[in-house]
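A.B. asks: Sequence and computational prediction follow.
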Number of protein chains: 2
Amino acid sequence: MKTIAVETGVFDNNDKKAKQVNDFLHEKGIKVFNLLGTPGSGKTTLLEQILARMDKSKVAVIEGDLYTDQDAKRIENLGVRTVQLNTRGACHLEAMMIEDALKELDLDGIETVIIDNIGNLVCTAEFKIGEDIRITVSSVTEGNDKPLKYPLMFQTTDYLVLNKMDLVPYTNFDVEEFKKHVLSLNADCRIFECTAVKGEGVDEIVNAMK
Amino acid sequence: MKTIAVETGVFDNNDKKAKQVNDFLHEKGIKVFNLLGTPGSGKTTLLEQILARMDKSKVAVIEGDLYTDQDAKRIENLGVRTVQLNTRGACHLEAMMIEDALKELDLDGIETVIIDNIGNLVCTAEFKIGEDIRITVSSVTEGNDKPLKYPLMFQTTDYLVLNKMDLVPYTNFDVEEFKKHVLSLNADCRIFECTAVKGEGVDEIVNAMK
């Protein structure tokens, strides 16, 4: 596993760079996923479950974190090619960081790249980082009002994974109302229900990613 | 309830402005709390429970949100003087926004101001907004690793409220390990356990705020 320290800064040409990253990977026949969500929504646990269902020789992971490499170690332990991106406190990934990370990845034979973004329901939504598909993870313990309070994330995502479904009976979460809010912001969003920690509902997500 | 739209921007002198805000309120004998945490940690539910235990004529709330006024309405319905700050997508509050909000608040007889910050575990930690005390809300469903992954928030908080304790039996959350991580970053942090939705553990927090 390699660790890259990324200097924070404002990148004027993020969208242009995101397209370059996307074009570069498409030329190699690689599909790119941007995994988003609030801290503790279960992104990395879901990622582990997704990877367990994929051919590990054909998938690579770029793991975004502020400072630590805990999550990258979790992923690398699965036998998946992994690059750690540390933002040194910055609250989101940008396309230029992904360009740097790709230089450190052996892409030979890789068909899928999954980028595990910083835990943040606001800033990460503003930056394209070369992805084909955005997967946003929400957990039922976060409450029903999150789509309306943090709309950009829900408006711009392709898939919405509603995680920790096993905890619904112990909360006041209303699954149908939540879905209604998501679809009111983004009628094309595909919504999946899952309990990542138990591996429930993950097969459907992996099938959609193919 | 008044709604103020705040233009986003970079404020060079945030810390200086934060001190001015703090001085202004101290001269009036008002104590200021900054309520922080990730989206869905339960900040506003905790705030409702705190307010239910306070003299509502002596407390005012500044409610930070990206776009909506849902939370401000919840608070105003309790009979508490409330100002809504909408950041139009910006991921944190800054001291200048609080200065603007205070102009809209009748502070006569007020002894406590509570600022309900944007749901964000990264950016909000970087900006002092005139507070005496930071209260960070974490929920047990967010997992054990959050203090180490998002250290600035835990390093800079005065109180840490561990919320949704009623869900511990249904998760793999380790309360003692979490506390150990928090205290390793911030030995002076006061940690409270609560289940805000049921009002459990809130009295201790209110007592500490006096």
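C.D. replies: Okay, I see it. Residues are numbered from 1 along each chain as shown, chains lettered A, B, ... in the order given.

A.B. asks: what does chain A put close to chain B?
C.D. replies: Counting by Cβ under 8 Å from any Cβ of the partner chain, the residues of chain A close to chain B are A:38-40, A:65-68, A:70-71, A:89, A:91, A:118-123, A:126, A:139, A:141-143, A:145-146, A:148-152, A:164, A:166-167, A:170-172, A:197. For the C-beta atoms, the positions are set from N, CA and C on the backbone; glycine is no exception.

A.B. asks: And the buried ones among the residues you listed, selectable in ChimeraX?
C.D. replies: For anyone working in ChimeraX, the buried entries among the residues of chain A next to chain B, judged by 16 or more other Cβ atoms under 10 Å in any protein chain shown, can be selected with:
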select /A:38,39,40,65,66,68,71,91,118,119,120,121,122,123,139,141,142,143,145,146,148,149,150,151,152,164,166,167,170,171,197
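
A.B. asks: Which strands and helices lie in contact with the lengthiest helix in chain A?
C.D. replies: Using DSSP state H to assign secondary structure, the helix with the most residues in chain A is helix A:14-27. Of the remaining helices and strands, those touching helix A:14-27 by 3 or more Cβ pairs under 8 Å, 6 or more residues apart in numbering or on different chains; DSSP states H and E are strand A:31-37, helix A:95-103.

A.B. asks: correct me, but A:Ile114 touches A:Leu47?
C.D. replies: Yes. With contacts defined as Cβ atoms under 8 Å, A:Ile114 counts as touching A:Leu47 at a distance of 6.4 Å.

A.B. asks: so what sits against both of the two?
C.D. replies: Any residue near both A:Ile114 and A:Leu47 by Cβ atoms under 8 Å, 6 or more residues apart in numbering or on different chains counts here, and that gives A:Leu35, A:Val61.

A.B. asks: now the strands for chain A?
C.D. replies: Applying DSSP state E to chain A gives strands spanning A:2-5, A:31-37, A:59-65, A:81-86, A:112-116, A:133-139, A:159-163, A:190-193.

A.B. asks: Mind giving me the packing neighbours of the fifth one?
C.D. replies: Here strand A:112-116 touches strand A:31-37, helix A:43-52, strand A:59-65, going by 3+ Cβ pairs under 8 Å, 6+ apart.

A.B. asks: same thing but 6 Å
C.D. replies: Contacts of strand A:112-116 with other secondary structure elements, assessed using 3 or more Cβ pairs under 6 Å, 6 or more residues apart in numbering or on different chains; DSSP states H and E, are made with strand A:31-37, strand A:59-65.

A.B. asks: Which of the helices and strands in chain A ranks last by mean pLDDT?
C.D. replies: Least confident helix or strand of chain A, by mean pLDDT, DSSP states H and E, is strand A:2-5 with a mean of 52.

A.B. asks: any chance of the strands of chain A in CSV, plus distance to B:Asn186?
C.D. replies: Below are these laid out as CSV (distance: least, Cβ to Cβ, whole Å):
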stretch, distance to B:Asn186
strand A:2-5, 24
strand A:31-37, 26
strand A:59-65, 20
strand A:81-86, 21
strand A:112-116, 27
strand A:133-139, 26
strand A:159-163, 29
strand A:190-193, 37
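
A.B. asks: Compare the mean pLDDT across those strands and name the weakest.
C.D. replies: Among these, strand A:2-5 carries the lowest mean pLDDT, at a mean of 52.

A.B. asks: Tell me the pLDDT of the closest residue to A:Ser57 other than its chain neighbours.
C.D. replies: In space, and not counting its chain neighbours, A:Ser57 is closest to A:Gly109: 5.9 Å by Cβ to Cβ, 6 or more residues apart in numbering or on different chains. The score at A:Gly109 is 97. That number is its pLDDT.

A.B. asks: re earlier: export the helices and strands packed on helix A:14-27 as JSON lines, with columns for distance to A:Ala60 and mean neighbour count.
C.D. replies: Conversion of those to JSON lines gives the following (distance: least, Cβ to Cβ, whole Å; neighbours: other Cβ atoms under 10 Å in any protein chain shown):
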{"stretch": "strand A:31-37", "distance to A:Ala60": "10", "mean neighbour count": "25"}
{"stretch": "helix A:95-103", "distance to A:Ala60": "9", "mean neighbour count": "21"}
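
A.B. asks: Let me have those in JSON lines, extended by distance to B:Met54.
C.D. replies: Putting the helices and strands packed on helix A:14-27 into JSON lines (distance: least, Cβ to Cβ, whole Å) gives the following:
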{"stretch": "strand A:31-37", "distance to B:Met54": "34"}
{"stretch": "helix A:95-103", "distance to B:Met54": "45"}
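
A.B. asks: ok, now which ones touch the most centrally placed residue in chain A?
C.D. replies: Using Cα atoms, centre = their mean, the residue of chain A that lies closest to the mean C-alpha position is A:Leu35, 0.5 Å off. Listed by Cβ atoms under 6 Å, 6 or more residues apart in numbering or on different chains, the contact partners of A:Leu35 are A:Lys43, A:Asp116, A:Asn117, A:Ile135.

A.B. asks: What's the PyMOL line that selects buried ones from those residues?
C.D. replies: Restricted to the buried members of the contacts of A:Leu35, where burial is judged by 16+ other Cβ under 10 Å, the PyMOL selection command reads as follows:
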select buried, chain A and resi 43+116+117+135
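
A.B. asks: Just confirm A:Glu63 contacts A:Gln84, I think it does.
C.D. replies: Yes. The pair A:Glu63 and A:Gln84 passes the contact test of Cβ atoms under 6 Å, sitting 5.3 Å apart.

A.B. asks: Which neighbours do those two have in common?
C.D. replies: Residues touching both A:Glu63 and A:Gln84 comprise A:Ala72, with contact defined as Cβ under 6 Å, 6+ apart.

A.B. asks: who has more neighbours, these two?
C.D. replies: Comparing A:Glu63 with A:Gln84 by neighbour count (other Cβ atoms under 10 Å in any protein chain shown), the higher total belongs to A:Glu63, at 28 against 24.

A.B. asks: So what pairs up with the more buried one in the strands?
C.D. replies: Applying DSSP bridges to A:Glu63 yields these beta-bridge partners: A:Gln84, A:Asp116.

A.B. asks: hang on, the earlier thing: tell me the spacing between the residue nearest to A:Ser57 and A:Ile50.
C.D. replies: Here A:Gly109 is placed at a distance of 18 Å from A:Ile50 (Cβ to Cβ, to the nearest Å).

A.B. asks: Give me the more crowded residue out of those two.
C.D. replies: When A:Gly109 and A:Ile50 are compared on other Cβ under 10 Å, the one with more neighbours turns out to be A:Ile50, at 23 against 11.
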